[in-house]
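1. Structure for the following, please:
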Amino acid sequence: MTRTSATSLIATFVSTVFIYTTSFAADDLPEGFGEKPNSRFVVSDDPYYKDPLIAIKNGVAAYKKNYRTNHFCVVGYRWLHGNVNVWVLWKEEEELLLWDGALDPESRADSFNGVHRALKLGRDTVKTENEINGSTYLETEQWWHAVAGDCMKHGEKYVIKPFKAAKPRTD
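-> This next block holds a predicted model:
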């Protein structure tokens, strides 16, 4: 076998493996977004979400839940047209939070305090699609569990131990 044909064979194998793993990953994504995302991304690698632990910890303090241990999972989804969603599972609160992040480090540190959407299991979820009945804030329990499970399988996990929150500044 010549060097050129060996290189060609290797390139064909690598591209076949890439196509297979990419399509497998897309098939593994949760349904129910309207349009299905085409991939996941590592949230902490994205400039809008650098150091997620800082923003999450500030959010825990803002929600006054810093007296206990809190478990979070963060998963990012990307669509072909470039849009992204970052969902955060807060296990103790049984909530999925749609987090927007921010480029500016100070804004990013507080970006978890005002999430775009909060979906509490049981309050903001219904059993069937028919029960959504045109609502813009309800989701099915099946979708909620699919995203939460996908996060636990593929997302980044964070544990926030109890801590004393700093007093707010008054200047």
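
2. List the buried residues in the longest strand seen in the chain.
-> Longest strand of the chain, by residue count under DSSP state E: strand 70-78. Burial within strand 70-78, assessed by neighbour count using 16 or more other CB atoms under 10 Å, is assigned to 70, 72-78. Quick note: C-beta positions are derived from backbone N, CA and C, even for glycine.

3. now for the one helix or strand residue 56 maps to, which elements pack on it?
-> Following DSSP states H and E, one finds residue 56 within helix 52-62. Using 3 or more CB pairs under 8 Å, 6 or more residues apart in numbering; DSSP states H and E, the elements in contact with helix 52-62 are strand 70-78, helix 105-110, strand 156-160.

4. and which of the buried residues of strand 70-78 is nearest residue 86?
-> residue 76 (4.8 Å; CB to CB).

5. Surely the closest one is in contact with residue 98?
-> No - the pair residue 76 / residue 98 is not scored as a contact, 11.2 Å apart, by CB atoms under 8 Å.

6. For residue 89, which three-state class applies?
-> Under DSSP: H, G, I helix; E, B strand; the rest coil, the three-state class of residue 89 is strand.

7. Tell me what the nearest residue to it once chain neighbours are set aside is bridged to.
-> In space, and not counting its chain neighbours, residue 89 is closest to residue 73: 4.3 Å by CB to CB, 6 or more residues apart in numbering. Beta bridges link residue 73 to residue 89, residue 157 when assigned by DSSP bridges.

8. can you check the one 5 residues further on too?
-> With DSSP bridges as the criterion, the beta-bridge partners of residue 78 are residue 39, residue 84.

9. so what's the residue nearest to residue 89 up against?
-> 88-89, 91, 148, 151-152, 155-158 (CB atoms under 8 Å, 6 or more residues apart in numbering).

10. Neighbour count added to those, as CSV?
-> Shown next, in CSV, are the contacts of residue 73 (neighbours: other CB atoms under 10 Å):
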residue, neighbour count
88, 26
89, 23
91, 15
148, 23
151, 23
152, 14
155, 22
156, 18
157, 12
158, 16
